[in-house]
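A.B. asks: After the sequence you'll find the predicted model.
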Amino acid sequence: MLADWPFWIAAFAVALGVAAWVLGPLMRGAARPERRASYDMQVYRDQLREIDADVARGVLTEGEAAGVRVEISRRLLGAADAETAEAAAGTAPRALSRAAAIGLAMALAAGAAGLYSTLGAPGRSDQPLASRLEAIAAQRANRPSQAEVEAVAAAGAEGVAPETPERAEEAALIERLRAVLESRPDDVEGHRLLARSEASIGNWPAARTAQEKLLALLGPAAAPQDRVDLAEYMIIAANGYVSPEAEAALSRALEAAPENPVARYYSGLALVQNGRPDLAYQLWTRLLAEGPADAPWVAMIAAQIDELAMLAGQAAPVAPSRSDVAAAAAMTEADRAAMISGMVAQLSDRLAAEGGPPEDWAQLIRSLGVLGRTEEAEAIFREARDTFAADPAALALLREAADAAGVKE
């Protein structure tokens, strides 16, 4: 607790300074202001004295001067009445002003303390990055397995899915396929069909089991998509949880197909679940930049990217909204390209006007590369390289984006 004293002293000093600045005028009390009516009366008196000089110069006749005197005298009497009213109103008592200042200070202090006790973390010690990373690694090492999560998911799903005639017929066909495969355990295409059939009726644990058998039969000859499908079946079977086994399956899928967008999306999801929103943000913003806008993973990222940007301490990129994604599905290729170009233009304008983190610059470079605008991507890369010249990590990210966009240094 003693280690927290510097923080509390600094916080108290700042709060005291702000309170003194805001509430100081109330504590001092208001000085007696110059009354407007008194000023007006002096002006009218001066005007009355000037009338005789105007008559002597021939500016006014005696008749005109008499009329002007009557009008100015009327206004002088009105100003005198106004001065009497202002004097009666007076100013707020100094004691009342000080009492109001003290009351406001106490209310502000109580409100700040209440907010901090609710939203803050009083008593929590410093959390250095190294210790946080150690805690994340420990949590990641001790997370539940695929079998444990599937068992919980199965228990929670009992009796939920309604049995329809169509579903019953499809289930009967799948049961016959299972029986056939018992006598033909080496039938590759049969296991592939079984995995897809189980997935089609939402029997994800069975789909995962069939896909594992398929990969065991194929061995090194398994296609990258087969590996991606296994990881996806595992994650959906666990209700979106990326288990250690699913993460290992994703790693094998990415080794076979490093650019597969589905595997990269789920890798980002694993990073989010394992306490690394900063890395997930970098991965998902690249997927957003690459598109296409109607891709299912783009819709899922767009629904989460604002919250992820907040967790990662980044400005959210220009992402398509749900309505954008829905509209993109019905667009022609030309219209879809125009929409993507508009999103890229928004990001470019924002970076030009406000700047942004290196991730956003890298996203813009990749997006321009996808659109075939290599020269623009090259110009943006040069500008970003100069901006982040003192940041090796940012430069590495920018060079990676430039390589993906076909930009040569």
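C.D. replies: Right, received. Where do you want to start?
A.B. asks: which regions of the stretch 101-250 of the chain lie under the pLDDT threshold?
C.D. replies: Confidence mapping of the stretch 101-250 of the chain against pLDDT under 70 gives the ranges 101, 117, 119-137, 140-141, 156-167.
A.B. asks: just the stretch 251-400 of the chain next, same as before
C.D. replies: Counting by pLDDT under 70, the stretch 251-400 of the chain has low-confidence residues at 315-343.
A.B. asks: Tell me which stretches of it form helices.
C.D. replies: Remark: helices assigned in the stretch 251-400 of the chain by DSSP state H, counting those that start in this stretch are 261-273, 277-290, 296-312, 322-329, 333-354, 358-370, 374-387, 392-404.
A.B. asks: Which one of those lies nearest to Glu247?
C.D. replies: For the helices of the stretch 251-400 of the chain, proximity to Glu247 was assessed by Cβ to Cβ; helix 261-273 is nearest, at 5.2 Å. Every C-beta, even on glycine, is put in place using the N, C-alpha and C of the backbone.
A.B. asks: what packs against that closest one?
C.D. replies: Contacts defined by 3 or more Cβ pairs under 8 Å, 6 or more residues apart in numbering; DSSP states H and E place helix 261-273 against helix 224-237, helix 244-256, helix 277-290, helix 296-312.
A.B. asks: How far off centre is it?
C.D. replies: Centroid separation for helix 261-273 versus its chain: 18 Å, with Cα atoms, centre = their mean, to the nearest Å.
A.B. asks: then it to PDB, C-alphas only?
C.D. replies: Extracted in PDB, the C-alpha atoms of helix 261-273 (Å, rounded to 0.1, in the frame of the first residue of the first chain):
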ATOM      1  CA  PRO A 261      -8.700 -16.300 -44.300                       C
ATOM      2  CA  VAL A 262     -10.900 -18.700 -42.300                       C
ATOM      3  CA  ALA A 263      -7.900 -20.100 -40.400                       C
ATOM      4  CA  ARG A 264      -6.500 -16.600 -39.900                       C
ATOM      5  CA  TYR A 265      -9.900 -15.400 -38.500                       C
ATOM      6  CA  TYR A 266     -10.000 -18.300 -36.000                       C
ATOM      7  CA  SER A 267      -6.400 -17.600 -35.000                       C
ATOM      8  CA  GLY A 268      -7.400 -14.100 -34.200                       C
ATOM      9  CA  LEU A 269     -10.200 -15.400 -32.100                       C
ATOM     10  CA  ALA A 270      -7.800 -17.600 -30.200                       C
ATOM     11  CA  LEU A 271      -5.600 -14.600 -29.500                       C
ATOM     12  CA  VAL A 272      -8.600 -12.600 -28.200                       C
ATOM     13  CA  GLN A 273      -9.600 -15.500 -25.900                       C
END
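A.B. asks: Next up, the contacts around Arg178.
C.D. replies: For Arg178, the contacting residues are Leu194, by Cβ atoms under 8 Å, 6 or more residues apart in numbering.
A.B. asks: Roughly how far does it sit from Ser243?
C.D. replies: To Ser243, Arg178 is 25 Å away according to Cβ to Cβ, to the nearest Å.
A.B. asks: about what we covered before: Ala345 is nearest to which of the helices and strands packed on helix 261-273?
C.D. replies: Across those, closest to Ala345 is helix 277-290 (Cβ to Cβ), at 13.3 Å.
A.B. asks: got the contact list for the closest one?
C.D. replies: By Cβ under 8 Å, 6+ apart, helix 277-290 touches 261, 264-265, 267-269, 271-272, 297-298, 301-302, 304-305, 308-309, 311-314, 317, 319-320, 359-360, 362-364, 366-367, 370, 397, 401.
A.B. asks: That helix to helix 358-370, inter-axis angle?
C.D. replies: Orientation check (axes from the mean of the first three to the mean of the last three Cα atoms, to 10 degrees): helix 277-290 against helix 358-370 gives 20 degrees.
A.B. asks: Could you export helix 277-290 as PDB, CA atoms only?
C.D. replies: Listed next in PDB are the C-alpha coordinates belonging to helix 277-290 (Å, rounded to 0.1, in the frame of the first residue of the first chain):
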ATOM      1  CA  PRO A 277      -6.200  -8.300 -28.300                       C
ATOM      2  CA  ASP A 278      -3.200  -6.400 -29.600                       C
ATOM      3  CA  LEU A 279      -2.100  -9.200 -31.800                       C
ATOM      4  CA  ALA A 280      -5.600 -10.100 -32.700                       C
ATOM      5  CA  TYR A 281      -6.300  -6.500 -33.800                       C
ATOM      6  CA  GLN A 282      -3.300  -6.600 -36.200                       C
ATOM      7  CA  LEU A 283      -4.500  -9.900 -37.700                       C
ATOM      8  CA  TRP A 284      -8.100  -9.000 -38.100                       C
ATOM      9  CA  THR A 285      -7.500  -5.500 -39.600                       C
ATOM     10  CA  ARG A 286      -5.500  -7.200 -42.300                       C
ATOM     11  CA  LEU A 287      -8.400  -9.500 -43.100                       C
ATOM     12  CA  LEU A 288     -10.700  -6.500 -43.200                       C
ATOM     13  CA  ALA A 289      -8.400  -4.700 -45.600                       C
ATOM     14  CA  GLU A 290      -8.200  -7.800 -47.900                       C
END
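A.B. asks: Give the buried residues for it.
C.D. replies: Applying a neighbour-count criterion of 16 or more other Cβ atoms under 10 Å, one finds 277, 279-290 buried in helix 277-290.
A.B. asks: Columns distance to Ser183 on top of those residues, output as JSON lines?
C.D. replies: JSON lines is the format used below for these (distance: Cβ to Cβ, whole Å):
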{"residue": "Pro277", "distance to Ser183": "50"}
{"residue": "Leu279", "distance to Ser183": "47"}
{"residue": "Ala280", "distance to Ser183": "46"}
{"residue": "Tyr281", "distance to Ser183": "50"}
{"residue": "Gln282", "distance to Ser183": "50"}
{"residue": "Leu283", "distance to Ser183": "44"}
{"residue": "Trp284", "distance to Ser183": "46"}
{"residue": "Thr285", "distance to Ser183": "50"}
{"residue": "Arg286", "distance to Ser183": "47"}
{"residue": "Leu287", "distance to Ser183": "43"}
{"residue": "Leu288", "distance to Ser183": "48"}
{"residue": "Ala289", "distance to Ser183": "50"}
{"residue": "Glu290", "distance to Ser183": "45"}
